[in-house]
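**Student:** here you go, sequence then predicted model.
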Amino acid sequence: GNQAAAAAVLLTLARGGASTEAAASGAVKACAAAACDSNAPPAARADAVRCLGALAAELPHARFYPHRKAVGAALSSVLSDERRCLRALAARSGDRGFTQY
């Protein structure tokens, strides 16, 4: 729903719609913060993890690399969630897109 639409907008901004460093940085920070928000609904946190994965895959290395610690902290937060579906999603994301960072 709205979370998926927001993720698509963030990805578009970060990828090229506004190809500034600030847009890419803002997109990564927003997704990382949403993934860490333990009060958010599980679907919102899952969308944020998916968005981080898409950003890691699509952004140039130089734009994503400075945020690797924040992304790692976000994934770590999701990995410690009580919901199995979120932990599995974070584990799969960590195995794929983020291993290069």
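**Tutor:** Looks like it came in fine.
**Student:** what residue ranges in this structure score low on pLDDT?
**Tutor:** 1-20, 94-101 (pLDDT under 70).
**Student:** now find how far off-centre whichever strand or helix holds A91 is within its chain.
**Tutor:** According to DSSP states H and E, A91 maps onto helix 84-95. Here the centre of helix 84-95 is set off from its chain's centre by 12 Å, with CA atoms, centre = their mean, to the nearest Å.
**Student:** separation between F64 and L89?
**Tutor:** For F64, the distance to L89 (CB to CB, to the nearest Å) stands at 19 Å. C-betas here are computed from N, CA, C, even on glycine.
**Student:** list the contacts of the helix holding A91.
**Tutor:** Identification of contacts with helix 84-95 by CB atoms under 8 Å, 6 or more residues apart in numbering yields 35, 42, 45-46, 49-50, 52-53, 75, 78-81.
**Student:** let's verify D81: helix, strand, or coil?
**Tutor:** Secondary structure state of D81, per DSSP: H, G, I helix; E, B strand; the rest coil, is coil.
**Student:** now that we have the contacts of helix 84-95, can you turn them into CSV and tack on secondary structure?
**Tutor:** What follows is these, written out as CSV (three-state DSSP):
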residue, secondary structure
A35, helix
P42, helix
R45, helix
A46, helix
V49, helix
R50, helix
L52, helix
G53, helix
L75, helix
V78, helix
L79, helix
S80, coil
D81, coil
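**Student:** nearest spatial neighbour of the residue positioned nearest the centre of the chain, chain-adjacent residues omitted?
**Tutor:** By CA atoms, centre = their mean, the chain has its centre lying nearest to L52, at 2.0 Å. Leaving out its chain neighbours, the residue that sits closest to L52 by CB to CB, 6 or more residues apart in numbering is C31, at 4.7 Å.
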